[in-house]
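Asker: can you look at this prediction? I've put the sequence above it.
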Amino acid sequence: MVKVVVIGGGWAGVAAAITARKAGAQVTILERMDILLGLGNVGGIMRNNGRYTATEECTLLGAGELFEITDKTARHVNVDFPGHSHASLYDVCKVEPIVRKLLADRGIDFKLRSRAVDVKMNNDSVRGIVLHGGEVIEGDVFVEATGSTGPMGNCLKYGNGCAMCILRCPSFGPRISLSQKAGVEDILGKRSDGSYGAFSGSCKLNKDSLSPEIVEELNQKGVVILPVPKEDIHVKKLEMKVCQQYALKEYAENLILLDTGHAKLMAPFYPLDKLRRIKGLENARYEDPYSGGIGNSVRYLSIAPRDNKMKITGVDNMLCAGEKSGLFVGHTEAIVTGSLAGHNSVRLGKGMSLLELPVNLACGDLIAFANDRIKTEEGLKTRYTFAGADYFQRMKDLNLYTTDKTELKSKIERMNLLNIFEEKLV
């Protein structure tokens with residue numbers, strides 16, 4: 001039996017745990033908070049643009065469970081909003097308990113309120129993860145999926161201070177880079193001006209604080225677009241956003257609200273006094289972050305160097321996934337990288353060759369392209385997502401973008417990769 005320890009219970013860590021378990025490993029997830037999914041509890045956007053292709057690819061590769069859950073909890077499907085087509089918006093208030101049950105049913109152990117603070121090493125191999133109370137969780141292979149946000153000092157240094165976001169560092173303690181503890185220097189993403197990090201790209205408003213007319217439109221259509229007064233339009237503010245797929249002029253000229261259970265405001269922050277001047281938002285209140293009027297969490301400050309099989313460079317038995325593995329944006333991207341890391345963790349534990357997804361799949365190309373680009377100064381200023389910006393254009397240029405499920409199945413069958421993540425290796 002191979003024992004795999006996944007550090008971080010967000011979408012990437014959960015995906016890694018599922019594919020590792022499918023491959024036959026004994027799996028433990030260590031999560032510092034009291035809930036799983038992390039930013040997935042305030043996200044909600046799936047299947048927009050190239051994410052549709054990636055979702056179907058990953059499902060055909062044998063890692064479709066989490067996408068099935070987000071589909072089943074969708075409040076709206078086939079939603080179009082500026083720059084985005086055929087999006088699904090899952091209910092952020094319903095998804096986590098369903099994921100938690102899935103893990104329990106699969107026999108995956110998850111330890112909540114278990115913050116990892118250090119590693120025990122044996123030469124270039126990790127022997128165990130040290131928790132904040134001193135307990136050491138030993139394993140054969142480790143997957144770091146701790147994300148790239150926090151601790152609080154980073155949001156103060158590179159942003160506008162702790163905005164008390166869903167990650168709740170003041171309550172559950174800061175995230176610590178375990179790959180760096182293992183002796184591997186982190187990579188830091190940059191903004192266009194060369195400063196480090198990037199603001200999370202959206203805030204959540206309490207729907208009950210909005211006018212009945214806006215709530216009704218959100219519930220019916222999933223999207224509401226409200227023009228911003230001309231004096232409040234600041235196009236330069238778009239450069240702060242981590243989500244470059246939403247850095248379009250329409251997002252400077254309008255407030256775009258999406259219905260994910262909360263009203264998802266597609267802006268990194270927006271002054272509350274100005275927000276309440278807009279018709280229908282007179283009583284608006286922020287749900288996440290609580291200080292959404294002046295700031296948001298800062299991300300991309302802790303990326304591990306890795307190969308295209310998700311193995312961390314310089315550590316013999318540690319892989320990475322999600323934002324820890326690159327300048328990736330989104331739940332789909334986290335699930336894709338996590339699924340590959342989890343599967344390869346068992347291969348690594350068994351001494352087998354690791355799987356590298358081919359670049360004629362969008363999933364494989366994103367992983368390889370982002371890894372190549374992060375080694376350049378300009379690449380450190382770019383974010384990589386199936387949903388838009390430069391990478392979605394690359395998908396279209398390479399004919400990787402499609403919504404034809406039959407075509408994708410035939411392609412993956414030709415590669416002999418159909419349901420590869422379902423294979424039991426132990």
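Answerer: Sure thing, it's come through. Numbering: from 1, shown residues only.

Asker: from residue 55, how far out is the closest residue to residue 384 other than its chain neighbours?
Answerer: In space, and not counting its chain neighbours, residue 384 is closest to residue 370: 4.1 Å by CB to CB, 6 or more residues apart in numbering. Yep, even glycine has a C-beta here, placed from its N, CA and C like the rest. As for residue 370, its distance to residue 55 is 18 Å (criterion: CB to CB, to the nearest Å).

Asker: go on, residue 280?
Answerer: Distance from residue 280 to residue 55, by CB to CB: 33 Å.

Asker: do residue 390 as well
Answerer: The value you get for residue 390 to residue 55, if CB to CB is used, is 20 Å.

Asker: and if you look at residue 97?
Answerer: Residue 97 is 22 Å from residue 55, by CB to CB.

Asker: who has more neighbours, those two?
Answerer: residue 55 (25 against 11; other CB atoms under 10 Å).

Asker: other SSEs contacting the host helix or strand of that one?
Answerer: Here residue 55 is covered by helix 51-61, with elements defined by DSSP states H and E. Applying 3 or more CB pairs under 8 Å, 6 or more residues apart in numbering; DSSP states H and E, one finds that helix 51-61 makes contact with helix 65-72, helix 331-349, helix 362-373, helix 405-414.

Asker: the shortest one - what's its average pLDDT?
Answerer: On average, the pLDDT along helix 65-72 is 98.

Asker: would you map out the domains in this protein?
Answerer: Per automatic domain parsing, the domain ranges recorded for the chain read 3-76+91-190+299-422, 198-288.

Asker: show me where pLDDT drops low in the stretch 251-400 of the chain?
Answerer: Applying pLDDT under 70 to the stretch 251-400 of the chain flags no residue at all.

Asker: ranges for the helices of it?
Answerer: Here the stretch 251-400 of the chain has its helices, by DSSP state H, counting those that start in this stretch, at 272-275, 331-349, 362-373, 389-397.

Asker: what comes into contact with the shortest one?
Answerer: Counting contacts by CB atoms under 8 Å, 6 or more residues apart in numbering, the residues outside helix 272-275 that touch it are 229, 232, 255, 281, 284, 286, 292, 293.

Asker: pLDDT value on the closest residue in space to residue 424 that isn't next to it in sequence, please?
Answerer: Distance criterion CB to CB, 6+ apart; nearest residue to residue 424, sequence neighbours excluded, is residue 24 at 4.8 Å. Looking at residue 24, its pLDDT stands at 98.

Asker: which SSE is residue 24 in?
Answerer: Counting by DSSP H and E, residue 24 is found in no helix or strand.
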